[in-house]
Every structure is written in C-alpha cells, then in structure tokens.
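**Q** starting from these lines, generate the structure:
(one chain, ligands or ions: 1)
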Amino acid sequence: DIGKLKSDDTGYCLKSTKKDLGSSCSAKNLEYPVSVNELDLLKQNGLSIKTQSCPSNPSATCVSTDRQSLIGAGTYGLVVRGRSKTVSFPLAMKFIKLPTKLDLVSFNVAGRYNRIDLKSLIENKGSEQSLREAVALRLLTEYEVPLIPKYVSYLETSSYRILAMEYLDGYEELSKIIDQLSSKDLLFISCQTAAIVCNLDQIGVSHDDMHERNILVDRRNKNKVNLIDFGGAHFSLKHDHFTSTSNFFKQPINLLGHLKRLMKDDLIDKIQSHERKELGRFCSMMGKMVTSKSEKYKEEVPYDYRVLFEKYWKFSQTNKKIFKCIS
Ligand SMILES: Nc1ncnc2c1ncn2[C@@H]1O[C@H](COP(=O)(O)OP(=O)(O)OP(=O)(O)O)[C@@H](O)[C@H]1O
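**A** Model prediction:
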C-alpha cells in the first residue's frame, strides 16, 4: 500500500495518479501522533486502535502503520484498522489531520433515535455540523442501505477528525483487478454497482466520485461489491441528479469500456443518450421493471432498458424497497 503513495508539498500522502505511479511516500508523512487525551476519547467511545512510538520522536505515541494496521492513505487521511466495543465487526478508522480544508455539512437530528433529518441535510441547515463523508455513511446506515461500509462513530479532536466505519475485509479495489475479470464477473459487478446507485438515489444521496478505486470487490465471496469514499456525496431528493448517469455511466471509463464491448448493439451508448435527455430515467426504469407484475406492464419499459434488464442486469427488490442484483 505504501508503494502507491506519494508525498506532496503540504506533507500529506496522496493516492497515486497515473502520472506519478511508482513514487513513494516517506514514512514521516504517515506519522499521526496521538495524545493521551485523544486515546482517552477513543476509549470513552468504545474505540481502540493499535499505536506505536513515533518514528521521528520515539517518546511520542503515533497511530500504528504496521502491516496489520495500515489499510491505506487517500488524499485526506490515513485509514487504519480498529475495534469497537459496540459492534462485532472490525473497523476502518479514517484519521484526517487538521487543519485540512474539509467539506462539512449542517443538519438536524430528530426522533427517538436521533436520526438525521434528511430535509435539513438537503438544505444544509441545522444545529449539527459534521464531515460530509461521516454524515453520508451515517444516513445510509440509518436507512439500512446495503453494500456500503456501516457507520460506527465520528469524533473530533484538536488535531483530527476521526471516522470509524466497517472494515471491508478481503475486498480489493476494482481498478486493481479489472483486467483479470471475466465478462460474467464484470456484468455482475456492474449490475451490483447499478443497484447500489439506485438505492442511494431513492434516499437522495449521490456519490459523485464513482470510479474503479471506490468500487471494492470481494473475489472470495462471489464478487460481492461495496462502494466507498463518500467524501464528495451530495444530498437532494430531486431524483434527477445522479442517477447512475452522470456518475456510473460516465466516470468509470474503464468499466464502461468493458461493458460497451460486452453488451451488443451499442446498448450502453443508447442508454447514455436517453439519460442525457432525461436524468433519473435509469433508476425509474429499474423500479418499473422490478415492480411490473405482468408482461403487459413490462412492455411499457422502453426497448433498450428491457434488453438491458432482461439480458444483462437482472434486479429484484426486497420488501424494504432495496434493489438487489440477481447473479
Ligand atoms: N471501509 C473500508 N474498508 C476497507 N478499505 C477501505 C475502507 N475505506 C477506505 N478503504 C481503503 O483506504 C484507502 C483510502 O480510502 P479513501 O479512498 O476513502 O480515502 P480518501 O482520502 O477519501 O481518498 P481519495 O483520494 O479517493 O479522496 C483506499 O485505498 C481504500 O481502498
């Protein structure tokens, strides 16, 4: 993982881009010192991480970045393994150093369980303010949207913003394995991604940073997909923003290229052109297709979408209205 990182002027590690492949990030940039108070705060919240002495100052304590602890480092922070007393699954804990220019959102909470009030979030108005990614994951966890890391906790200290979420154990970035996958694998992975996107769309969340690095795949578990990195997520209930189109059908260029080759008759091109005319059409057609009880209703779904949904991507919907891809 360290091999794919690079250092930049500000001293943060950045994910490598195509241009800087091979550059490395010095260990100093992975130094995240933690104070006794910060460790206490984690403990009070039932959270724990592995620590080590800091490489540049062995008398200080740092977040451990050994092989077992380090998950990765993105543009904003370090992601390490952790544990929580309140959940049974392992955690991915994202540490973001301050001051980092961060995208925060305001919202209110309501009800017995202090759930996020979606309307206040959409309007970006409310008494609470938090990191966009933490709010998005918390909202999706509250709505029980599957195939997204579950939100566990969010803490702020004088040096860090810390997001604790479910660790996706055994998953790999699609970008790293895409060339080793069969046509059948790619169809199933893209189908699951489309289902996730339409589940987000129903709640009013658009990911807005869809690319193969953020699509994680578990090859040991029937190519199960999870979507990560909600730092650029947006909230709206117009149902016309994402929809799969502006993101899924445009951004993961490599995946899209594969799909174009796999699906006959320029199907993806045709659907893209429908989507350009009417944003939101893809997810509404998916909904129509899964709720059509008879062939007669299905005939109302335009031809290109029917071919896509009957031949390549098959969906069902649970009683909680969650779209699922049928393998
Ligand atoms: N919940 C998770 N489970 C497993 N791995 C994760 C999880 N979240 C993030 N990662 C890994 O940690 C690394 C950094 O995460 P992420 O992409 O969220 O960081 P970022 O700083 O927002 O990155 P970006 O540069 O894409 O904005 C990635 O390599 C990703 O695969």
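**Q** from now on I want contacts and neighbour counts done on CA atoms only, so please keep to that.
**A** Noted.
**Q** tell me who's in contact with the residue most central in space within the chain.
**A** Nearest to the geometric centre of the chain sits Ile228, at 1.9 Å (Cα atoms, centre = their mean). Ile228 sits next to Ile148, Pro149, Asn214, Ile215, Leu216 when contact means Cα atoms under 8 Å, 6 or more residues apart in numbering.
**Q** which parts of the stretch 201-327 of the chain sit against the ligand?
**A** Contacts of the stretch 201-327 of the chain with the ligand, taken as Cα under 6 Å from any ligand atom, map to Ile228, Asp229, Gly231.
**Q** this structure: helices as residue ranges?
**A** 36-44, 118-122, 132-142, 174-177, 183-203, 243-244, 253-262, 267-277, 281-291, 295-298, 303-307 (DSSP state H).
**Q** could you say which of these is packed most deeply?
**A** Highest mean neighbour count of the helices of the chain: helix 243-244, a mean of 29 (counted as mean count of other Cα atoms under 10 Å).
**Q** give me the contacts around stretch 92-105.
**A** 32, 71, 76-82, 121, 124, 129-132, 135, 158-168, 231.
**Q** for stretch 139-152, same thing?
**A** Outside stretch 139-152, the residues within contact range by Cα under 8 Å, 6+ apart are 87, 115-116, 134, 137-138, 163-168, 196, 199-200, 225-228, 322.
**Q** in the chain, which residue sits closest to the ligand?
**A** Taking Cα to the nearest ligand atom, the ligand has its nearest neighbour within the chain at Gly74, 3.1 Å off.
**Q** give me the number of residues near that residue?
**A** Using other Cα atoms under 10 Å, Gly74 has 16 neighbouring residues.
**Q** torsion angles phi and psi at it?
**A** phi -100, psi -160 (degrees, to the nearest 10).
**Q** give me the beta-bridge partners of the residue nearest to Lys150 when sequence neighbours are not counted?
**A** Of all residues not flanking Lys150 in the chain, Glu166 sits nearest, at 5.0 Å (Cα to Cα, 6 or more residues apart in numbering). Counting by DSSP bridges, Glu166 forms beta bridges with Leu91.
**Q** is it true that Glu166 touches Val87?
**A** No. Between Glu166 and Val87 there is no contact under Cα atoms under 8 Å: 9.1 Å.
**Q** which one of these two has more residues nearby?
**A** The neighbour comparison of Glu166 against Val87 (other Cα under 10 Å) goes to Glu166, with 22 against 12.
**Q** mind listing what's buried in stretch 314-327?
**A** Along stretch 314-327, these residues count as buried under the neighbour rule (16 or more other Cα atoms under 10 Å): Lys314, Phe315, Ser316, Gln317, Ile322, Phe323, Lys324, Cys325, Ser327.
**Q** now intersect those with the strands, please.
**A** Among those, the ones falling in strands (DSSP state E) are Lys314, Phe315, Ser316, Gln317, Phe323, Lys324, Cys325.
**Q** ok, now which ones touch the third one?
**A** It refers to Ser316. Ser316 touches Val290, Phe323, Lys324, Cys325, Ile326, counting by Cα under 8 Å, 6+ apart.
**Q** and the pLDDT at it?
**A** Residue-level confidence at Ser316 comes out at 95, pLDDT.
**Q** what is it paired to in the beta sheet?
**A** Lys324.
**Q** ok, now how distant is it from Glu172?
**A** Distance, Ser316 to Glu172, by Cα to Cα, to the nearest Å: 26 Å.
**Q** the second one too?
**A** Between Phe315 and Glu172 the distance is 24 Å, computed by Cα to Cα.
**Q** nearest residue to Gly126 in space, please, no chain neighbours.
**A** Nearest to Gly126 is Phe107, by Cα to Cα, 6+ apart, at 4.0 Å.
**Q** which ones are touching that neighbour?
**A** Phe107 sits in contact with Ile116, Asp117, Leu118, Ser120, Leu121, Asn124, Lys125, Gly126, Ser127, Glu128, Gln129, where contact means Cα under 8 Å, 6+ apart.
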